[in-house]
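Visitor: Can you look at this prediction? I've put the sequence above it.
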Amino acid sequence: MKLNHNEYIPFLSEIKEVIKHTDIEYTFRMSYIGNVKPGQFFEVSIPKYGEAPISVSGIGNDTVDLTIRRVGKVTEEVFEKYAGDKLFLRGPYGNGFDVENYKGKELVIIAGGTGLSPVKGIVDYFSQNASEAKSTTLIAGFKSPNDILFTEDFKSWEKNMNVILTVDSAEENSKYNVGLVTQYIPELKFENISEAVAVVVGPPAMMRFSTKGLLDVGFEEKNIWISQERKMCCGIGKCGHCKVDDTYICLDGPVFNYTKGKDLID
Amino acid sequence: MGYSLNIDNMNTVIKKWSESYLIYAPKCFEGGGTFSDTDVVRYGQIENVEEIVFNKKSDFSFKEVLLPISETLFYFTEDSVKEADERKKKAIIFLRSCDLHSVRRLDEIYLNNGFEDYYYKRLRENVKFILLGCKSSFENCFCVDMQTNKVDSYHASIDYDGESFLIDNKCSDFENDFENSFNKKQDVIPSYVTENHVKVNIPDNITLDIIKSKMWDEYDSRCISCGRCNFVCPTCTCFTMQDIFYTDNGKAGERRRVWASCMVDGYTDVAGGGSYRKNNGQRMRFKVLHKVYDYKKRNGYHMCVGCGRCDDICPQYISYSNCINKLENAMKEVNEIES
Amino acid sequence: MMDLNTKQLKRNAFRVTKVRGYTASRIRVPGGHMQSKYLVMLHEIAEKYGNGTIHITNRQGFEIPGIKFESMPEVNKLLQPIIEGLDINQSDKGQGYSAAGTRNITACIGNQVCPYGCYDTTNFARKIEKAVFPHNLHFKIALTGCHNDCAKVRMHDFGIIGMTMPQYDKDKCVNCGACVKKCEKKSVNALQTVNYKVERNEGKCIGCGECVLNCPTGAWTRSKEKYYRLTLLGRSGKKNPRLAENYVKWIDEESIIKIIKNTYDYVEKYIDPNAFEGKEHIGYIVDRTGFKEYEKWALKDVKLPEIAEVSTTMYWNGIKY
């Protein structure tokens, strides 16, 4: 047996830029050269605290964006890092979204909270290449106006696709829609719903109700994709924490076609 | 090639081996048990054959030799990483048939299943296995039903008949050692059991609907989620990463991985406080189905090797084999609800 | 015409009862554990010489009431196999118990049965019995397997509480938190997690063994040596009943036996010569001489283990009338 690459050893990556979205959510633009797809994730490690799986929220020529929410002690430390500092990374891991599945289709992307990060790469893609999808609709929900991520990006997305930005609650006379993402699903218009495709990412309950909403309006199961969040300790199919049934979320996912994803019951 | 060796000759072989191998075998740690004045049988290094416990099942499996309970992966500073050194010597492990079958399960996860595990591999490829024959079944064993009572993939086997050690050697590296120290050449077939007291029936019609069965509910209160069943299991492979710091400023330290248990709190925690499978019954279901259902779906054969250690160790007297035997009725139950 | 030396018969473990002409025989069972065949023998005595009943005493012995005083020699004969079987020291064979002052040495069931027990309580009780009995001085000694103190040893002159010194193998620790949680909930909160491993506050730890009991990987094990906490001079009774105070933590078997034996010398020296029936709680004597004087006697030739922690000040409270 020949010893192969040691996948556990992280590499150093320079922080190129820090973009602050909210008080607790920042995007770190990291130097990275290599193939990477939206929906994949990196294990981001800060030696003082350990590792956390962070999904790729944007892909540049020689950078990847990692949008990190300050939850848990690992990510708190990252927030003290600034451009020019370095972080240890491993990855990218997971399957990611395949934009080919959505090309030429009527595409709906439904994202809740930080669930927008893993799908942001697709939104960006079809924002920049609007003609490649028949139509693109983004329904993005956040708890409150203060929690909205990627506010700058929304401005450009709105030019290229149908964007519904909604918050669970807001003060009166807010410029935002108030309500859950699910309530906008029945209002969507499709030329051919049996061919329409959807991507749903967010907290478990939001995903459950959103997929149900899509099925109710006539979406086919095979045309829905979801991304699962689990504890991914190793990211490489060894540690077991993310296994559900016979599926390792880190290897086989985190992106699943709904025909498979619906059976991932804990 | 088969040999018969007396104790002195066997010890000559072991002494010879210890020049180039670390030798691990089940041995008795007096007073090492949980309760006062009780012993524990677990794996440790031996220097002579008398230390090997032949007449009992070890409380813990051999797996800590290949997958240390706590294993340093690398050392780090702020901007550099240094891989942990590997064990200097090769290793020999004395183990029973069920445990040798479990090596295939460990290999499945650590050498296949996506990426290859560097640390496992570098230990694994330097290990030789010596099969401990089983003359009779121990309490709670159900290897026969799991088809792990016999095994061929050993380097050598050893049986002790009270006077002599009977060896079946298949390994050319060992040949000289035995040729130089045997008392008698004879054909040796390692002993194995053909019947267990415990029988299990794994229905082949299990579907995920079984999650809805009420059979899991009793474990909510019976199980204390201590994780002993996982830690003694020779096929459980889960771990958790830990970063340890030598200095307050956290600029130097090491990353370790330690065994994890899907029964213990925290196993599924995700950032922000979410977790899955909060009830112990759900954890029991997750574990049991992994051992006799979903692992097979992924890899083609059952994970469980029927060693019965989980039943031996459970402080609440929860029997996993008894749980398996409830699966058939549970499927009937959920199928009736469906129809 | 009955002519009895009541002082003598009391020392022979018989009692002057409220029923004129009748006595009760008191049987000692050191460590409170014995083979069941002795129950049959006791049954015979009760049937033949008593009134057919047996009382289980507070001190884990038996008392057979309703025995006529004149039957005492016969009862002593029947007691002989029990006395010998339980290995009770005896000055005159066939003459029953040689003393009654030093009471039966009681013990919880200990590690023969109980998961919490840190040692074989019965066995240690028998050892002490061999070292101190027969003696007419009024000493009460009790043993309990762990800090749960089911045997309520703090109500005795000498209370012996089993301890184990937890041994931690950090390489076997998976940080499951079971020991830390159990120590906090059930014991003294002596453990905390630091850097994914467990640190034990040695000052706080009472050696109860909860960490060992709850460790699923065997990272915590028991020390080879058995240790004890020795508590001193608790008592019930009319005057100033009080609970024992902690004296030595992490003491060994040998030192305990030596301290008890030394205390006999001390009491013989200092007991009130006018004490009623020669019986005075040790605590009252210590109150009189001061603890320092007692300690001087108690620790004579005692070689405590290095880790032993001796309380420097001893102060008893309790109810005072």
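Guide: That came in fine, so what should we check first?
Visitor: count of neighbours near the closest residue to chain C within the stretch 101-250 of chain A?
Guide: Proximity of the stretch 101-250 of chain A to chain C (C-beta to the nearest C-beta) peaks at residue A:239, 12.7 Å away. For every residue, glycine as well, the C-beta is placed using N, CA and C. Counted with other C-beta atoms under 10 Å in any protein chain shown, residues neighbouring residue A:239 total 22.
Visitor: for it, what are its contacts?
Guide: Residue A:239 sits next to A:232-233, B:238-241, B:257, B:260 when contact means C-beta atoms under 8 Å, 6 or more residues apart in numbering or on different chains.
Visitor: Just those residues: which are in helices?
Guide: Judged by DSSP state H, helices contain none of the contacts of residue A:239.
Visitor: Could you list which of those also contact chain C?
Guide: B:240, B:260 (C-beta under 8 Å from any C-beta of the partner chain).
Visitor: what's the closest of the contacts of residue A:239 to residue A:35?
Guide: Closest approach between the contacts of residue A:239 and residue A:35, by C-beta to C-beta: residue A:232, at 19.5 Å.
Visitor: Hmm, residue A:66 and residue A:54 touching each other?
Guide: Yes: under the criterion of C-beta atoms under 8 Å, residue A:54 makes contact with residue A:66 at 4.6 Å.
Visitor: Name the residues contacting each of those two.
Guide: Joint contacts of residue A:54 and residue A:66 (C-beta under 8 Å, 6+ apart) are A:42, A:44.
Visitor: Close to chain C: what parts of chain B are there?
Guide: B:29, B:31-32, B:34-37, B:40, B:42, B:60, B:68-70, B:226-228, B:231, B:240, B:242, B:244-245, B:256, B:258-261, B:264-266.
Visitor: and these near chain A, which?
Guide: Among the residues of chain B next to chain C, chain A is touched by B:240, B:242, B:245, B:260 when using C-beta under 8 Å from any C-beta.
Visitor: Pull the most distant pair out of the contacts of residue A:239.
Guide: A:232 and B:257 (13.9 Å).
Visitor: Quick one: the helices in the stretch 101-250 of chain C, in order.
Guide: Ranges of helices within the stretch 101-250 of chain C are C:121-132, C:178-186, C:210-214, based on DSSP state H, counting those that start in this stretch.
Visitor: Name the residues linked to residue A:27 by a beta bridge.
Guide: Assessed by DSSP bridges, residue A:27 has beta-bridge partners residue A:19, residue A:67.
Visitor: quick one: low-confidence parts of the chain?
Guide: No chain in the question, so chain A it is. A:1-4, A:46-49, A:71-78 (pLDDT under 70).
Visitor: meant chain C actually
Guide: C:1.
Visitor: any idea which element residue B:217 lies in?
Guide: Residue B:217 belongs to helix B:217-222 when assigned by DSSP states H and E.
Visitor: next structured bit after that helix?
Guide: Following helix B:217-222 in sequence, per DSSP H and E, is helix B:228-232.
Visitor: Just give me how far that next one sits from the chain centre.
Guide: 9 Å (C-alpha atoms, centre = their mean, to the nearest Å).
Visitor: elements contacting that helix?
Guide: Using 3 or more C-beta pairs under 8 Å, 6 or more residues apart in numbering or on different chains; DSSP states H and E as the contact test, the elements touching helix B:228-232 are helix B:309-313.
Visitor: mind redoing it with 10 Å?
Guide: With contacts taken as 3 or more C-beta pairs under 10 Å, 6 or more residues apart in numbering or on different chains; DSSP states H and E, helix B:228-232 sits against helix B:63-66, helix B:280-289, helix B:309-313.
Visitor: Take those and write them to TSV, including mean pLDDT.
Guide: Shown next, in TSV, are the helices and strands packed on helix B:228-232 (pLDDT from 0 to 100):
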stretch	mean pLDDT
helix B:63-66	95
helix B:280-289	95
helix B:309-313	97
